[in-house]
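**Student:** Sequence and predicted structure are below.
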Amino acid sequence: MKKIDLVFRTVGERTSKIALDLAVKNIGPSGVRILENVKPFSLAVQQMLAAEYDCDFAVFMDADCLILEDMRPFLQENTLPYADCYVLDKFRGHIHCGVHIARIDVVRAMQKVGVPQDDAKYALRPESRIRDLALAQMGLEKVFKPFKIYHDYLQYCRDIFAKYALRELRSRTDYHQAKLTACQETWEMQEGDLDFLVANCAIAWARETVKLNASTQEISKVIEALPDIAVRQLREKGIAEKGPLTWQEVEEFSAKVNPPNPFKSEFKSEPVKIFGIGLSQTGTKSLTQALHMLGFNVAHCPDDEMTLKELAAGNYNFSILKDMDGIADITVAPFYAQLDKLFPGSKFILTVRDKESWMKSVGDNFGKPVFEGLPSNENTMQLRRQLRAAVYGSYTFQEEQFYQAYASHCQKVTEYFQSRPESLLVLNVFQGEGWEKLCPFLNLPVLERPFPLVEK
């Protein structure tokens, strides 16, 4: 029986007490260590690494996570040196954050790294930075595992403000700004949700207040002051804080976000997946959001190191698909035939768009070197460039060449599936197509709510 330590970090989040109860129930730890109200987060990380551990694995967890799945079977069988958990984040969809599972040798290596000096990456992401340095020294890589964990739901407004001011500071490259903007566009569909209003206010405040050329020291001071800044900003804007969280609210939330999924149970004996094989800017983000609303855990354009290395090796039986329901966008779009053979009976969705609006959107998004400045190593960036070049024949935007690649892709896909209409759905979300086509294709009742549309 493996010994699992739980390290629970809280700064008074609205979910703190219930999140801890759920974690103890679903992790079954041998010991629990609570870091309470240790600020800034860099100091919490230092205290976390100064502790003595007598366990096989440590689960480091933030109080803004609600674990609604029994993780004990995985934890007892697990031998991975480090696993980042895929969670469903209210603001950003399926991401890996909030719950981290580290083997004790990785914890020991992190303890030896020390605090990097004048390191912007450490200032913005102290735990991640130390962990990445330790894994690099050990020659190890992280692995991503999805669980039914919900992140940043049911939180206090002040914590949302502080978090999304920090999110803006962490997103100051073209690539990450584009990702943050795409998230904000999905928030616009959630009318009347106070959390999204607060997050937008926080991003606007950070952009107006913290200069792009701010030093590491200046950014560190802002981060340290964010909790107090959040309270003042909300008071100035007349936004009232929420009351304490109740179990009833959590139960109602759980019922809402965990609808039964007849499609998955129908094919439970086969490794059936859903693949969004439309090219970039054809509505793949809208499709992914819609699939999330239907209860499917689909990754949009995953670019983690493991997936990229598997792509480079021509291995399309992606590790990420062991636990996820599918993948959408350029990561899988060219490889539909290989995926069809690997996962027989799967569903393929080709998102399309009229030429004029597609060319404008692709030109706006691909007309600049979006991968420059990414906090990744050069090998990873090179793999991303190669993937774009493999699909479009060019890393940079070439109007005629890109459209020829798009038209050829659509023609080849429809020809490949022409005798199997049950396997392919062609969907144009920009012309108003949505639930009335998607739900019957997946053998689900038509959802009676607006279909998500990310305008890009």
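**Tutor:** It's in.
**Student:** For the stretch 201-350 of the chain, give me the ranges with low pLDDT.
**Tutor:** Low-confidence regions of the stretch 201-350 of the chain, defined by pLDDT under 70, span residues 258-271.
**Student:** immediately after the longest helix belonging to the chain, which helix or strand?
**Tutor:** Longest helix in the chain, counting residues (DSSP state H): helix 216-236. As assigned by DSSP states H and E, the chain's next helix or strand after helix 216-236 is helix 247-257.
**Student:** Convert the C-alpha atoms of that following helix to PDB, please.
**Tutor:** Extracted in PDB, the C-alpha atoms of helix 247-257 (Å, rounded to 0.1, in the frame of the first residue of the first chain):
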ATOM      1  CA  TRP A 247     -22.800  21.700   0.500                       C
ATOM      2  CA  GLN A 248     -26.200  22.200  -1.200                       C
ATOM      3  CA  GLU A 249     -24.600  24.600  -3.700                       C
ATOM      4  CA  VAL A 250     -21.900  22.100  -4.400                       C
ATOM      5  CA  GLU A 251     -24.400  19.300  -4.900                       C
ATOM      6  CA  GLU A 252     -26.500  21.400  -7.300                       C
ATOM      7  CA  PHE A 253     -23.300  22.400  -9.200                       C
ATOM      8  CA  SER A 254     -22.200  18.800  -9.400                       C
ATOM      9  CA  ALA A 255     -25.500  17.700 -10.900                       C
ATOM     10  CA  LYS A 256     -25.300  20.500 -13.400                       C
ATOM     11  CA  VAL A 257     -21.800  19.800 -14.700                       C
END
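**Student:** for it, the distance to its chain's centre please.
**Tutor:** Helix 247-257 sits 22 Å away from the centroid of its parent chain (Cα atoms, centre = their mean, to the nearest Å).
**Student:** going forward, begin numbering at 57 instead of 1
**Tutor:** That works, and once the first residue is 57, the last one we named lands at helix 303-313.
**Student:** helices and strands around the longest helix of the chain, which ones?
**Tutor:** If you count contacts as 3 or more Cβ pairs under 8 Å, 6 or more residues apart in numbering; DSSP states H and E, helix 272-292 packs onto helix 176-180, helix 213-225, helix 250-265. Where C-beta positions appear, they are placed from N, C-alpha and C, glycine not excepted.
**Student:** please redo it, this time with the cut-off set to 10 Å
**Tutor:** Contact here means 3 or more Cβ pairs under 10 Å, 6 or more residues apart in numbering; DSSP states H and E; on that basis helix 272-292 packs against helix 97-106, helix 176-180, helix 213-225, helix 250-265.
**Student:** can you give me the angle that helix makes with helix 213-225?
**Tutor:** With axes from the mean of the first three to the mean of the last three Cα atoms, to 10 degrees as the basis, helix 272-292 and helix 213-225 are set at 140 degrees to each other.
**Student:** now helix 272-292 and helix 97-106, what's the angle there?
**Tutor:** Using the same axes, to 10 degrees, the direction of helix 272-292 lies 120 degrees away from that of helix 97-106.
**Student:** Export only the CA atoms of helix 272-292, formatted as CSV.
**Tutor:** The C-alpha atoms that make up helix 272-292 are tabulated as CSV, following Å, rounded to 0.1, in the frame of the first residue of the first chain:
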residue,chain,number,x,y,z
THR,A,272,10.8,41.2,-12.3
GLN,A,273,10.9,43.1,-9.0
GLU,A,274,8.0,45.4,-10.0
ILE,A,275,5.9,42.4,-11.0
SER,A,276,6.7,40.6,-7.8
LYS,A,277,5.5,43.6,-5.7
VAL,A,278,2.2,43.7,-7.7
ILE,A,279,1.6,40.0,-7.2
GLU,A,280,2.2,40.3,-3.5
ALA,A,281,-0.3,43.2,-3.2
LEU,A,282,-3.0,41.6,-5.4
PRO,A,283,-5.2,40.3,-2.6
ASP,A,284,-5.6,43.9,-1.1
ILE,A,285,-5.8,45.4,-4.6
ALA,A,286,-8.7,43.0,-5.5
VAL,A,287,-10.7,44.0,-2.4
ARG,A,288,-10.3,47.7,-3.2
GLN,A,289,-11.1,47.4,-6.9
LEU,A,290,-14.3,45.4,-6.2
ARG,A,291,-15.4,48.0,-3.6
GLU,A,292,-14.8,50.8,-6.1
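**Student:** Tell me which residues of it come out buried.
**Tutor:** In terms of neighbour count (16 or more other Cβ atoms under 10 Å), helix 272-292 has its buried residues at 275-276, 278-279, 282-283, 285-286, 289-290.
**Student:** Turn the residues you listed into a markdown table, including distance to V169.
**Tutor:** A markdown table is the format used below for the buried residues of helix 272-292 (distance: Cβ to Cβ, whole Å):
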| residue | distance to V169 |
| --- | --- |
| I275 | 21 |
| S276 | 18 |
| V278 | 25 |
| I279 | 20 |
| L282 | 25 |
| P283 | 27 |
| I285 | 30 |
| A286 | 30 |
| Q289 | 35 |
| L290 | 36 |
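**Student:** and the longest helix of the chain, how far from the chain's centre?
**Tutor:** Offset of helix 272-292 from its chain centre (Cα atoms, centre = their mean): 25 Å.
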